[in-house]
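Q: the following block contains a protein sequence and its predicted model.
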Amino acid sequence: MKNFFISLYICTLICLLFFSYAYIDSNLIYFRLLYSGFSYNYRATTTILFTSLVIILFVCYLFFIYLFQNKLLSVRDVKKLIITTITILFLSYPAMLSYDIFNYIATAKVVFFYKENPYIIMPIEFINDPLLLFTHAANKTALYGPVWITLTSFPFLLSFDNFLLTLFLFKLIPLVFYLYSLIILYKLSKNWYSILLFSLNPLVVIESLISSHNDIVMMGLALTAILLIKNNRNVLAMVFLSMSIGIKFSTIFLLPAFIYVIYRRLQKKGVNWNKMHSFSFLGMSSIFVLSPIREEMYSWYAIWFFIFVALMPDKKRIVKGSILFLFGLSLRYIPFMYVGTYDDTVIRARTAFMYIPLVIYISLIFIKKAIGKYRRYL
């Protein structure tokens, strides 16, 4: 049974790899030979395929958790699964669900090619640039902090203006930080269950290794700051936290957790690290919930709080509820994928897909409690 699910998981990743190339933009001149228009001409089929792949990945993920908890999946198996996942999905097309990677490249080009300030100058102002053909937010100034822009200098400059090399070098940054985050996560948890819980979650995998969002970079630096403050290296910890904030600003909501540690040490009292992890979870959950104030609640934002869920594996209800919520967030793409527009119906449907699994879980908890009380009453 274990081998069956491992094989199923690997086959699903390979299918997802090929499926990602169905979303090549018709204006992406560098992949012209691979353009099929399949995802645009066969929306119903595409939606069914995507939904099936996501469900299979979550089923495999839950089965891996079950096997690991029952000592039927070894640490070596988990390592192999992680490496296999990285190897396969590094080759995927990163704009299957989001065009953010093109925005990263366009901003880097404004800075390192055109030598302009990206917080003042928009990519769209360079009217003859071929990136404008397929960059979807070219009419915006830089959306991310200076630390992220500095990091993008490496893939941009090393690519020597070759687009394909640029694209996959940009994919390499989240991949490296995905691995790096797992190393830091293990140093904090000393628990391979925590690594499994975070690393193979399909939303984390899709958003970090396919869509290549920089959120995993931000959280990798934040985890480093927590490890450093745990080792009483307070100044360096604040440096890494500042670097994390300099990626996307969201991790400023971790400051209360760090203040808690500093306060306890000033009082010459011990630090409850489980409480620190809980404060971190609450802080990043808060900014996740508040994110629609700025724009909308994007699926990949869940990485902000879920990485701390992995540090609280004993809080079973939080773990289960979070996994179901991430499942709902993964399905949030379905309405737009099927319809192709962002009208009110699609927006409402996306919200429903996002919350229904979590609402069902919470309802079942209350029903179970009600039945228990009724039985005691009888």
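A: Looks like it arrived, so ask away.
Q: any idea of the pLDDT on residue 378?
A: Note on residue 378: pLDDT of 56.
Q: cool, residue 373 as well?
A: Looking at residue 373, its pLDDT stands at 67.
Q: what's the answer for residue 294, then?
A: We have a pLDDT of 77 for residue 294.
Q: who does the host helix or strand of residue 220 touch, helix- and strand-wise?
A: Residue 220 belongs to helix 215-230 when assigned by DSSP states H and E. Here helix 215-230 touches helix 163-189, helix 234-248, helix 255-266, helix 273-290, helix 303-309, going by 3 or more C-beta pairs under 8 Å, 6 or more residues apart in numbering; DSSP states H and E. Just so you know, the C-beta spots here come from the backbone N, C-alpha and C atoms, and that holds for glycine as well.
Q: next, the buried residues of the first one.
A: Neighbour-count burial for helix 163-189, with 16 or more other C-beta atoms under 10 Å as criterion, is recorded at 166-171, 173-175, 177-178, 180-182, 184-185, 188-189.
Q: residue ranges with poor pLDDT in the stretch 251-378 of the chain?
A: Scanning the stretch 251-378 of the chain for pLDDT under 70 picks out the ranges 372-378.
Q: what comes up buried for the longest helix along the chain?
A: Using DSSP state H, we find that the single longest helix of the chain is helix 344-377. Within helix 344-377, the residues scored as buried using 16+ other C-beta under 10 Å are 346, 349-350, 353-355, 357-358, 361.
Q: quick one: that helix to chain centroid distance?
A: Its chain's average C-alpha position is 25 Å from that of helix 344-377, according to C-alpha atoms, centre = their mean, to the nearest Å.
Q: for the helices and strands packed on helix 215-230, give me CSV that also has distance to residue 217.
A: Output for these, formatted as CSV (distance: least, C-beta to C-beta, whole Å):
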stretch, distance to residue 217
helix 163-189, 4
helix 234-248, 6
helix 255-266, 19
helix 273-290, 15
helix 303-309, 10
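Q: quick one: which of these is nearest residue 144?
A: helix 234-248 (5.8 Å; C-beta to C-beta).
Q: in that closest one, what counts as buried?
A: 237-238, 240-241, 243-248.
Q: wait, isn't residue 288 in contact with residue 307?
A: No - judged on C-beta atoms under 8 Å, residue 288 makes no contact with residue 307 at a distance of 11.7 Å.
Q: more neighbours: which of those two?
A: residue 307 (27 against 19; other C-beta atoms under 10 Å).
Q: let me see the contact set for the nearest residue in space to that one that is not next to it in sequence.
A: Excluding the flanking residues, the one nearest residue 307 by C-beta to C-beta, 6 or more residues apart in numbering is residue 219, at 5.0 Å. Counting by C-beta atoms under 8 Å, 6 or more residues apart in numbering, residue 219 makes contact with 181, 244, 251, 303-304, 307.
Q: which of the residues you listed lies closest to residue 297?
A: The closest of the contacts of residue 219 to residue 297 turns out to be residue 304 (C-beta to C-beta; 11.1 Å).
Q: that closest one against residue 216, yeah?
A: No - using C-beta under 8 Å as the test, residue 304 is too far from residue 216 to be in contact (10.1 Å).
Q: which SSE is residue 270 in?
A: According to DSSP H and E, residue 270 maps onto no helix or strand at all.
Q: ok, now how distant is it from residue 264?
A: Residue 270 is 7 Å from residue 264, where distance means C-beta to C-beta, to the nearest Å.
Q: the two - which one has more neighbours?
A: Using other C-beta under 10 Å, the more surrounded residue of residue 270 and residue 264 is residue 264, with 15 against 8.
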